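In: please work out how this folds:
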Amino acid sequence: MTTAQSPKLILGSGSPRRRDLLAQIGVVADDVRPPDIDETPEKAELPRPYCVRMAREKALAVEAGAEDIVLSADTTVALGRRILGKPADAGEAGDFLRKMSGRRHKVITAVAVRRGARIWERDVVSAVKMKRLDDDEIAFYLGSGDWQGKAGGYGIQGPAGAFIPWIQGSFTAIVGLPLKETAGLLLAAGYPVWKGKT
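Out: Residues are numbered from 1 along each chain as shown. As a prediction, this is how the structure comes out:
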């Protein structure tokens, strides 16, 4: 007797952090296809709608077969109504850190799962407090290079974890992929999260 083959999972993200997070729940993508889309916020676009739109547009931009499952996500750091994206250079990363120093900000991660024409979506908003940073701490962090390619110019799972005394929400969402919500979306799309692949 033959068992039905599991659908192919395509990760629409080049983030190694997202691959690592998926591996924590035993999910390994069959292929990784980072989409090439314009990530410029629209005029006066607020952080949460922007993040949701980015995850959806990424999922739609990935080429996939009718039965393939595409998983895409976007993480956005919001300071009030302002979107802090991926810094262009160390100078901008330092500017972001100084703005967040001693303040709370929000980290929004939106996830979109597509199978054929159907899309399942969730977004998770977490609050993060950053301690007051001095010049030496900022200089050390910028010198580490860990800020590169990270929304808001920092990653909580790296050296900047020492700057974060308090969070409210989902740690895995702050890293880049809320595992509880992602597992639920994959299951809804027919991916056997807890059963392994056949």
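In: alpha carbons only for contacts and neighbour counts from here, please
Out: Noted.
In: what pLDDT is listed against Gly190?
Out: Note on Gly190: pLDDT of 94.
In: burial of the nearest residue to it once chain neighbours are set aside, as a residue count?
Out: Counting by Cα to Cα, 6 or more residues apart in numbering, Pro7 is the residue found nearest to Gly190 once chain neighbours are left out, at 7.7 Å. By other Cα atoms under 10 Å, 19 other residues sit near Pro7.
In: what residues does the one helix or strand Pro49 maps to touch?
Out: Secondary structure assignment for Pro49, by DSSP states H and E: helix 47-61. Applying Cα atoms under 8 Å, 6 or more residues apart in numbering, the external contacts of helix 47-61 come out as 12, 35-37, 39, 41-42, 70-78, 81-83, 108-114, 121, 123.
In: narrow the residues you listed to those that are buried.
Out: Buried members of the contacts of helix 47-61, counted by 16 or more other Cα atoms under 10 Å: 12, 35, 41, 70-78, 83, 108-114, 121, 123.
In: show me the contacts for the closest residue to Asp30 other than its chain neighbours.
Out: Distances taken as Cα to Cα, 6+ apart put Leu9 closest to Asp30, at 5.4 Å, once the chain neighbours are dropped. By Cα under 8 Å, 6+ apart, the contact set of Leu9 is Val28, Ala29, Asp30, Asp31, Asp68, Ile69, Val70, Leu71, Tyr191.
In: run the chain-centre distance for stretch 36-55.
Out: Stretch 36-55 sits 13 Å away from the centroid of its parent chain (Cα atoms, centre = their mean, to the nearest Å).
In: so which of the buried ones among the contacts of helix 47-61 sit within strands?
Out: If you go by DSSP state E, these have 70-78, 83, 108-114, 121, 123 in strands.
In: quick check: the residue nearest the centre of the chain vs Gly94, distance?
Out: Geometric centre of the chain, nearest residue: Gly176, 3.1 Å, by Cα atoms, centre = their mean. Using Cα to Cα, to the nearest Å, we find Gly176 at a distance of 21 Å from Gly94.
In: tell me, how many residues neighbour Gly152?
Out: A count of nearby residues for Gly152, using other Cα under 10 Å, gives 27.
In: noted, bye for now.
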